[in-house]
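Colleague: let me see the structure of the following:
(chains A, B, C and D)
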Number of protein chains: 2
Amino acid sequence: MPVTIKNIAAELGLSVSTVSKALNDYPDIAPQTRQLVKETARRMGYRASAAARSLRTRRTNTIGLIFCIIDRHLTDPYYLDLLASIGEECSRQGFDLLLSVCPDRRLERSAYERMVDGKRVDGMILTGTRHGDGRIAYLVERGFPFVSLGRSERDGDFPYVDVDGAKGINDGVQHLIDQGYGRIGFVGLPPELVCAGHRFQGYQTTLEKGGLGLDPRLVTHCDCLTQEAGYQAMQGLLELDEPPDAACVCSDVMALGAMGAVQERGLAMGRDFGIVGFDDIPMAAQVQPPLTSIRQPIYEVGTRLCRMLIKVVEGEPLAESHVILGPTLVIRESSGPYQRGWAR
Amino acid sequence: MPVTIKNIAAELGLSVSTVSKALNDYPDIAPQTRQLVKETARRMGYRASAAARSLRTRRTNTIGLIFCIIDRHLTDPYYLDLLASIGEECSRQGFDLLLSVCPDRRLERSAYERMVDGKRVDGMILTGTRHGDGRIAYLVERGFPFVSLGRSERDGDFPYVDVDGAKGINDGVQHLIDQGYGRIGFVGLPPELVCAGHRFQGYQTTLEKGGLGLDPRLVTHCDCLTQEAGYQAMQGLLELDEPPDAACVCSDVMALGAMGAVQERGLAMGRDFGIVGFDDIPMAAQVQPPLTSIRQPIYEVGTRLCRMLIKVVEGEPLAESHVILGPTLVIRESSGPYQRGWAR
DNA sequence: CTTGACAACTAAAACGTTTTTGGGTATAAT
DNA sequence: ATTATACCCAAAAACGTTTTAGTTGTCAAG
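Modeller: Predicted coordinates:
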């Protein structure tokens, strides 16, 4: 039923190999033949069978992406933008994107094996590198092409794109200091994430540079990137004997939850209490008050990841295999100048 | 390098066909042989080549999904949840999910052709049915298995899952009426979407039922589902000579933008002006004031779509091929009782 | 002793490509 | 007239499975 290369050959009285070569622009095919074949193929509505082609060429022209969803809620717009940028670049390059969503960390390994060992994809994009990342170990051991979003110091040398989290947090914390906040808390990412450490370092060094000591009680983190978790974390900080008057929250989604907790206490955001988020999701600009946030160039990250991986897959050399992109602080009202103390 | 069925056969001194049959539980294989083969396969780390298998069986065990992104921003959490639910169900059923993101409506057709004619997937999930939907025409013509999220009256008979938008809007508008709002606007979806019509009907009938006439000036719509568009639409309504005192906005993301426009005018949300959104994204509960919204059972929608499609692909009969799920109104503060008039 | 039935396995074709090798026919060079 | 050189095309193998159609061996029934 579907039209194959053989049908075209029969139609034209040519051999299969000639047709194949014509379609693939081999040099030893007469220009007119090539023309004729392509014309006929189009007329007959021919499309190469992906399976047959990849069986023969050992290439799938597909890249794999696995999202491991904890808690059944992956509603962070950040991921959707990442996905969109990767997907778009894939399309441009004629690649497909095979996506797997696994609801449980324990199923993650088998999801990778399915894609990699089942030869379903040519390469993988890995997001959110973790300490002692089993996925990296696996891919390195297999010698399978991959790039990652996020560094991983000790796990071997592989191409990655990362955002300079320390720099981002530095800008954010410094901004809070400049606005007059003196007791600045930190709501970090799940500690297993490599980038969580970088961001904390940014917090630490900027406090020191600003002459503010680090109070460990003001440092907390969320185990998942949800509003609820951000709300809880901020609750914890506000219940301290000496609560903070500002906080740097490592994800906007978490920051929105944190804002809720602050406002619930009757504190005026951007006056009594300052918050800086991370990611600069679209919602950040719309919420009341608008949320100051450290913008990640997420579209560029996704695009670069995709381009790098495709180069690796095709065996081309990478101009740079370790890319660190700079975030930019977007100042809005949630970090307005500090106006009064906690006790009022 | 990768271990194939032939390697296993050689290792055990069996034929390829025996190994294949053993792995696939054919009855004419001795139980002990089957056992031995499976054991050995596992030990050697065997994984069937997806390409070879699907070349032979004409099945890919993959379903396709194409997101057409307008405006480079697909940050609606709704889609991420939909994607997550579809992805999870795929995993459970041992299917892969091939995702294509096309930045331009003009590239949509070729994205479909790539998946369908290139035999990359066994079936497609189509989202957001449109009037005179070219995708449906194409798939029907090809006789290709698909299910859709959303009805389509005239385009032929195919399985779908839909949410009862008329019912949802009905509940929302009735709620606004009950809260004392008397001049209720409507911010609809892009009119090309089939569901846009259903929702508008819900608006219309509920107004009539409530004895409120329909003022066409209070009816507007957005061309894309962004906050910005919602903001603009609401601006338009508020600039009328006789502006509304409430509005039903057909997507939460748009509703958040609309809330911004309302608040910018100095109106108190949930007192001077009521808003009901649609989708009940997580953000709705967190924003200030929390947004009343019509919840779509999006996880169930995704799961059902996936299950139905897989049944169709496998040639099993569908218990019900036209599923309409009910939304539920989640009441929050953005639709608090009407307290004062526009002029103050 | 043949026949048939059954169980357990194998041979081989097929799926639709790509690619290597090689063959034939012009044209050009010796 | 012979040889070399392009040029164009065809044959065939290969990729790793699945599946149809046997083949072998054993055992029971006739």
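Colleague: low-confidence stretches in chain A?
Modeller: A:70-74, A:340-344 (pLDDT under 70).
Colleague: DNA strand C contacts on that one?
Modeller: Residues of chain A lying close to DNA strand C by C-beta under 7 Å from any atom of the strand are A:2, A:4-6, A:16-17, A:20-21, A:23-24, A:26, A:28, A:46-49, A:52-53, A:55-57. From N, CA and C alone the C-beta is placed, and that goes for glycine too.
Colleague: mind giving me the PyMOL select for the residues you listed, buried ones only?
Modeller: In PyMOL, a selection of the buried entries from the residues of chain A next to DNA strand C looks like this (16 or more other C-beta atoms under 10 Å in any protein chain shown):
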select buried, chain A and resi 4+5+20+21+23+46+47+48+49+52+53+55
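Colleague: among the residues of chain A next to DNA strand C, which are in helices?
Modeller: Here DSSP state H is the test, and the residues of chain A next to DNA strand C give A:5-6, A:16-17, A:20-21, A:23, A:52-53, A:55-57 as lying in helices.
Colleague: within reach of DNA strand D, which of those are there?
Modeller: Under the cut-off given by C-beta under 7 Å from any atom of the strand, DNA strand D has A:16-17, A:21, A:52, A:55-56 from these close to it.
Colleague: just flag the most distant two among the residues you listed.
Modeller: For these, the farthest-apart pair by C-beta to C-beta is A:Lys21 and A:Leu55; their separation is 18.5 Å.
Colleague: residue in the stretch 101-250 of chain A with the shortest distance to chain B?
Modeller: Nearest residue of the stretch 101-250 of chain A to chain B, counting by C-beta to the nearest C-beta: A:Val101, 2.8 Å away.
Colleague: check contacts around that residue.
Modeller: Contacts for A:Val101 were tallied using C-beta atoms under 8 Å, 6 or more residues apart in numbering or on different chains; they are A:66-67, A:69, A:74, B:83-84, B:86-88, B:90-91, B:97.
Colleague: show me where the stretch 1-150 of chain A has its helices.
Modeller: Along the stretch 1-150 of chain A, counting by DSSP state H, counting those that start in this stretch, helices occupy A:5-12, A:16-23, A:31-44, A:50-57, A:77-92, A:108-117, A:134-142.
Colleague: most tightly packed of these?
Modeller: Neighbour counts (mean count of other C-beta atoms under 10 Å in any protein chain shown) averaged over each of these peak at helix A:77-92, with a mean of 23.
Colleague: now the angle from that one to helix B:108-117?
Modeller: Calculated by axes from the mean of the first three to the mean of the last three C-alpha atoms, to 10 degrees, helix A:77-92 forms an angle of 80 degrees with helix B:108-117.
Colleague: for helix A:77-92, packing partners?
Modeller: Contact analysis of helix A:77-92 by 3 or more C-beta pairs under 8 Å, 6 or more residues apart in numbering or on different chains; DSSP states H and E lists strand A:62-68, strand A:96-102, helix A:252-264, helix A:298-313, helix B:77-92, strand B:96-102 as its packing neighbours.
Colleague: again, 7 Å this time
Modeller: strand A:62-68, strand A:96-102, helix A:298-313, helix B:77-92, strand B:96-102 (3 or more C-beta pairs under 7 Å, 6 or more residues apart in numbering or on different chains; DSSP states H and E).
Colleague: contacts for it next, please.
Modeller: A:63, A:65, A:67, A:96-97, A:125, A:279, A:281-283, A:298-299, A:301-303, A:305-307, B:69, B:74-75, B:77, B:79-80, B:99-103 (C-beta atoms under 7 Å, 6 or more residues apart in numbering or on different chains).
Colleague: domain-wise, how is chain A divided?
Modeller: A:5-48, A:62-163+A:298-326, A:165-295+A:329-335 (automatic domain parsing).
Colleague: please state the offset of the last one from the chain centre?
Modeller: Translated: domain A:165-295+A:329-335. Domain A:165-295+A:329-335 sits 21 Å away from the centroid of its parent chain (C-alpha atoms, centre = their mean, to the nearest Å).
Colleague: touching chain B at all, that domain?
Modeller: Yes - Domain A:165-295+A:329-335 lies within reach of chain B by C-beta under 7 Å from any C-beta of the partner chain, at A:227, A:256-257, A:260, A:263, A:281-283, A:286-288.
Colleague: near DNA strand D, which residues of the stretch 1-150 of chain A are found?
Modeller: So the stretch 1-150 of chain A meets DNA strand D at A:13-18, A:21, A:28-31, A:33, A:52, A:55-56, A:58 (C-beta under 7 Å from any atom of the strand).
Colleague: and these, which is closest to chain B?
Modeller: Using C-beta to the nearest C-beta, those come closest to chain B at A:Leu55, 4.2 Å.
Colleague: report the contact partners of the closest one.
Modeller: A:Leu55 neighbours (C-beta under 7 Å, 6+ apart): B:51-52, B:55.
Colleague: same question for A:Pro289.
Modeller: Neighbour list for A:Pro289: A:269-270, A:333-334 [criterion: C-beta under 7 Å, 6+ apart].
Colleague: filter those residues down to the buried ones, ChimeraX style.
Modeller: For the buried members of the contacts of A:Pro289, the matching ChimeraX selection, counting by 16+ other C-beta under 10 Å, is:
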select /A:269,270,334
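Colleague: returning to what we had before: minimum distance to B:Leu318: which of the domains of chain A has it?
Modeller: Evaluated with C-beta to C-beta, the domains of chain A place domain A:62-163+A:298-326 nearest to B:Leu318, the distance being 23.9 Å.
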